[in-house]
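Trainee: give the three-dimensional model of this entry:
(4 chains)
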Number of protein chains: 2
Amino acid sequence: MKGKVTSFDVAQRAGVSQSAVSRVFSGASASKATQDKVRSAADALGYRPNRLARGLITGRSKIIGLVVAYLDNQFYPDALERLSNVLKEQGYHILIFTTKGRGEEVKQTFDQLMDYQVDGIIAASVGISDELTNRCAAAGIPLVLFNRGQRGGALAQVTSDNLQGAAKIASFLVKGGHRRIGHISGWMGSITGQDRAQGFASGLQAAGSELVHQIDGMYRRDTAAEAAETLVSEHGCDAIFVGNDHMAFAVMDHLRGAMKISVPNDVSIVGYDDVSMAAWGAYELTTLRQPVNRMVHATVDTLLAMIEDADASADQITIDGPLVVRTSAKVPKEN
Amino acid sequence: MKGKVTSFDVAQRAGVSQSAVSRVFSGASASKATQDKVRSAADALGYRPNRLARGLITGRSKIIGLVVAYLDNQFYPDALERLSNVLKEQGYHILIFTTKGRGEEVKQTFDQLMDYQVDGIIAASVGISDELTNRCAAAGIPLVLFNRGQRGGALAQVTSDNLQGAAKIASFLVKGGHRRIGHISGWMGSITGQDRAQGFASGLQAAGSELVHQIDGMYRRDTAAEAAETLVSEHGCDAIFVGNDHMAFAVMDHLRGAMKISVPNDVSIVGYDDVSMAAWGAYELTTLRQPVNRMVHATVDTLLAMIEDADASADQITIDGPLVVRTSAKVPKEN
DNA sequence: CTCACTCTTGCATAGGTTTGCAAGATTACC
DNA sequence: GGTAATCTTGCAAACCTATGCAAGAGTGAG
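Mentor: Okay, here's the model as predicted:
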């Protein structure tokens, strides 16, 4: 009862060849009779096919590598859980890698991913160098970027419509009667950060206003809080669009706590993501919802398509999301 | 450049046998000369050993299965990230499974884990039936429970000292001058929930007080919020110990928001976990810290010990944590 | 009953690595 | 320089499954 039970063992017990049991479990053709014999023998012995061995010969490990940078931003655990569930339905499972680094560490991570012969990779908000994308392409491993774009790349990616979304926020804030509007951006080294900043600036212009000042929040709470203080104290901002909810919470904490400033009476705050915490009573954050479910499904769909068909086109999908109005920002009087 | 490059390819290029290249990559003995030849050939070809094949023959996949129930409770993403990092240092990686269910779903999850030939399993706060533990034992797969105990089991587990911790909280609240103290427990189907409840009750007695009322919060925000309302409105509680931070936030939101009750002036709230959010300005939650780092290291250490040595003893480790005093509960005047 | 045709099934090989074994190469020592 | 001891190295088997191939079993028609 110690050693693993193999397809050979159940073949022996069922009085058939090893190929027969393989065929039964891989869904190939087999007569009803052998099906039954094999199944009952397998049940008796507690046999289950060894995925490693199967992967070795089929060239499909049924493992998807997920590399994620910011697990403290609730958006990502949430996405992770949904990705896991959707992939599970398709018979895939997630090998997870976390990495803060941007350069060498990411490269090592990819090395390790490829060691495990993953069938595909999802990179959630992590920077991928051209060298890495080439390596993946050379190895024939599909890669899709989740919630992170790549300029002019032919890379598959799914993001929300950051320009459009940020523009919606701009329009909302202007209509809300704010005069001095600032922006704490996501890390400007990321396309996501850039796009939201750009969409916001042009949105303000389109609404006849302009951006007073912008500071890079680096996706970090402390940096964002500091930035908020600067925007309010030095630039007299009465509204701030913060590049994601995670930073927006820090901003609200800092304004209300250390600075004794009322949100939204003195300063309006708008975030981006609509993580579940945004609905919590302590924040009631007005924010642009990223439709996680649709993003996850789109990601899995394109990734699996690329796995099935090696030269499927690398889709670049952007998904539109609604502005969720709560109480952290003044609401325009009329529509 | 299409097909994978194998150890055989690099052997050919280096002018040695395939075994030679295997030996240099698996760290077995090899002369300096062949080491060099093999390494440079491998670099030129971009060779890396196939972990699936390696796992097939060594019987070690270097994969650890992690199954986790509550990813929306920040404690777990945090633990996940740390587990991932610590395991990575030891050459292991995490195949992740999320499951809400308690019965059949957990079983299927374990089936799938075993299909992947994981070297060990970490179950974070999920209920494991005896049947499953037996299956693991039969398959020779070590299992350790993280942040979740098991009554009278011989199972490896690492938890914080829930009885002691809850008792500390009891003492703190009594010293704080509270008269009517209630408890919103974690799910009473979990040992964790039971232990904290019990530790709290006996802690109150030891301090010359008693528990006014207790309600099962089920680890859910909505249930906890409802419970808080009952405790305050119907039982006149002036202090509540909430079974974990995740629920405590909901309680604070509900008291302050819907019920217009001041925390801590009217009601003191204490949580358990000390997730990073507990330090945020919106909550400043007084809570008992679970030392995640030490718990994670203990978990990995015991798990790896069990993997190395099949009949290593299944340690049951409980780790003590400090009470972190913030502002969500009245602080005793003197010491 | 025979023939042609389709289903099933077993044999044997492949997939990429590790490892015991034995032979060859090297070292050490006298 | 000779012998014993130690290193290196290649050969081949093993890990567990999937699958092409060919032979056998079954089916239907004439």
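
Trainee: what comes into contact with stretch A:161-174?
Mentor: Stretch A:161-174 is touched from outside by A:149, A:181, A:192, A:195-204, A:206-209, A:239, A:241, A:268, A:270, A:272, A:286, A:288, A:318-321, A:323, A:325, A:329, A:332, with contacts defined as C-beta atoms under 8 Å, 6 or more residues apart in numbering or on different chains. Every residue, glycine included, has its C-beta placed from N, CA and C.

Trainee: now the helices for the stretch 151-300 of chain A?
Mentor: Here the stretch 151-300 of chain A has its helices, by DSSP state H, counting those that start in this stretch, at A:162-175, A:191-206, A:221-235, A:245-256, A:292-308.

Trainee: point out the most buried one among the ones you listed.
Mentor: Most buried of the helices of the stretch 151-300 of chain A, by mean neighbour count (mean count of other C-beta atoms under 10 Å in any protein chain shown): helix A:245-256, with a mean of 26.

Trainee: can that one be said to contact chain B?
Mentor: Yes - if you take C-beta under 8 Å from any C-beta of the partner chain as the test, helix A:245-256 does meet chain B, through A:249, A:250, A:252, A:253, A:254, A:256.

Trainee: JSON lines for those, including pLDDT and distance to residue A:37?
Mentor: Below are those laid out as JSON lines (pLDDT from 0 to 100; distance: C-beta to C-beta, whole Å):
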{"residue": "A:249", "pLDDT": "98", "distance to residue A:37": "60"}
{"residue": "A:250", "pLDDT": "98", "distance to residue A:37": "63"}
{"residue": "A:252", "pLDDT": "98", "distance to residue A:37": "66"}
{"residue": "A:253", "pLDDT": "97", "distance to residue A:37": "66"}
{"residue": "A:254", "pLDDT": "97", "distance to residue A:37": "69"}
{"residue": "A:256", "pLDDT": "96", "distance to residue A:37": "70"}
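
Trainee: mind checking pLDDT for the residue of the stretch 151-300 of chain A found nearest DNA strand D?
Mentor: Closest contact between the stretch 151-300 of chain A and DNA strand D, by C-beta to the nearest atom of the strand, is at residue A:300 (22.8 Å). We note a pLDDT of 97 for residue A:300 in this prediction.

Trainee: and the one 4 residues further on, by the same measure?
Mentor: You'll see residue A:304 listed with a pLDDT of 95.

Trainee: so what's it closest to, chain neighbours aside?
Mentor: Nearest non-adjacent residue to residue A:304, counting by C-beta to C-beta, 6 or more residues apart in numbering or on different chains: residue A:90, 6.2 Å away.

Trainee: settle this for me: the one you found is touching residue A:303, isn't it.
Mentor: No - the pair residue A:90 / residue A:303 is not scored as a contact, 9.7 Å apart, by C-beta atoms under 8 Å.

Trainee: distance check, the spatially closest residue to residue A:289 that is not a sequence neighbour against residue A:292.
Mentor: The shortest distance from residue A:289 to any non-neighbouring residue, by C-beta to C-beta, 6+ apart, is to residue A:274 (3.7 Å). For residue A:274, the distance to residue A:292 equals 9 Å [C-beta to C-beta, to the nearest Å].

Trainee: domain ranges for chain A?
Mentor: For chain A, automatic domain parsing gives the domain ranges A:7-49, A:61-160+A:292-319, A:162-290.

Trainee: end to end, how far does the shortest one reach?
Mentor: Read it as domain A:7-49. Distance across domain A:7-49, first residue to last, is 7 Å (C-alpha to C-alpha, to the nearest Å).

Trainee: ok, that domain near DNA strand C or not?
Mentor: Yes - using C-beta under 7 Å from any atom of the strand, we find that domain A:7-49 touches DNA strand C at A:16, A:17, A:18, A:19, A:20, A:23, A:29, A:30, A:31, A:33, A:34.

Trainee: what about that domain, average pLDDT?
Mentor: Computed over domain A:7-49, the average pLDDT equals 89.

Trainee: centre of the chain to it, how far?
Mentor: Using C-alpha atoms, centre = their mean, to the nearest Å, the mean C-alpha position of domain A:7-49 is found 40 Å from that of the whole chain.

Trainee: and chain A, which residues reach DNA strand C?
Mentor: Proximity of chain A to DNA strand C, by C-beta under 7 Å from any atom of the strand, involves residues A:16-20, A:23, A:29-31, A:33-34, A:53, A:56-57.

Trainee: what is the neighbour count of the residue nearest to residue A:289?
Mentor: For residue A:274, the tally of surrounding residues (other C-beta atoms under 10 Å in any protein chain shown) stands at 23.

Trainee: shouldn't it be in contact with residue A:287?
Mentor: Yes - with contacts counted by C-beta under 8 Å, residue A:274 reaches residue A:287, the gap being 4.8 Å.

Trainee: OK, contacts around the residue nearest to residue A:178 when sequence neighbours are not counted?
Mentor: When the adjacent residues along the chain are set aside, residue A:178 lies closest to residue A:239, with 3.8 Å between them (C-beta to C-beta, 6+ apart). Shown in contact with residue A:239 (C-beta under 8 Å, 6+ apart): A:173, A:176, A:178, A:180, A:181, A:182, A:267, A:268, A:269, A:270, A:329, A:330.

Trainee: what about chain A, any weak spots by pLDDT?
Mentor: Along chain A, segments meeting pLDDT under 70 span A:1-3, A:334-335.

Trainee: and chain B, is stretch A:131-142 touching that?
Mentor: Yes - interface with chain B: stretch A:131-142 contributes A:138, A:139, A:140 (C-beta under 8 Å from any C-beta).

Trainee: and which of those residues is nearest to residue A:100?
Mentor: Proximity of the residues of stretch A:131-142 next to chain B to residue A:100 (C-beta to C-beta) peaks at residue A:139, which lies at 24.6 Å.

Trainee: contacts only, for the residue nearest to the closest one when sequence neighbours are not counted.
Mentor: Leaving aside its sequence neighbours, residue A:139 sits nearest to residue A:114 (C-beta to C-beta, 6+ apart; 5.8 Å). Residues in contact with residue A:114 (C-beta under 8 Å, 6+ apart) are A:135, A:139, A:141, B:48.

Trainee: again, only using 10 Å
Mentor: With contact set as C-beta atoms under 10 Å, 6 or more residues apart in numbering or on different chains, residue A:114 has these partners: A:65, A:121, A:135, A:136, A:139, A:141, B:4, B:46, B:48, B:50, B:51.

Trainee: residue A:35 now?
Mentor: Counting by C-beta under 10 Å, 6+ apart, residue A:35 has contacts A:20, A:23, A:24, A:29.

Trainee: so the third one: helix, strand or coil?
Mentor: Think residue A:24. Of the three states, residue A:24 takes helix according to DSSP: H, G, I helix; E, B strand; the rest coil.

Trainee: mind listing what it touches?
Mentor: Counting by C-beta under 10 Å, 6+ apart, residue A:24 makes contact with A:7, A:10, A:14, A:16, A:30-31, A:34-39, A:41-42, A:49.

Trainee: measure it to DNA strand D for me?
Mentor: 8 Å (C-beta to the nearest atom of the strand, to the nearest Å).
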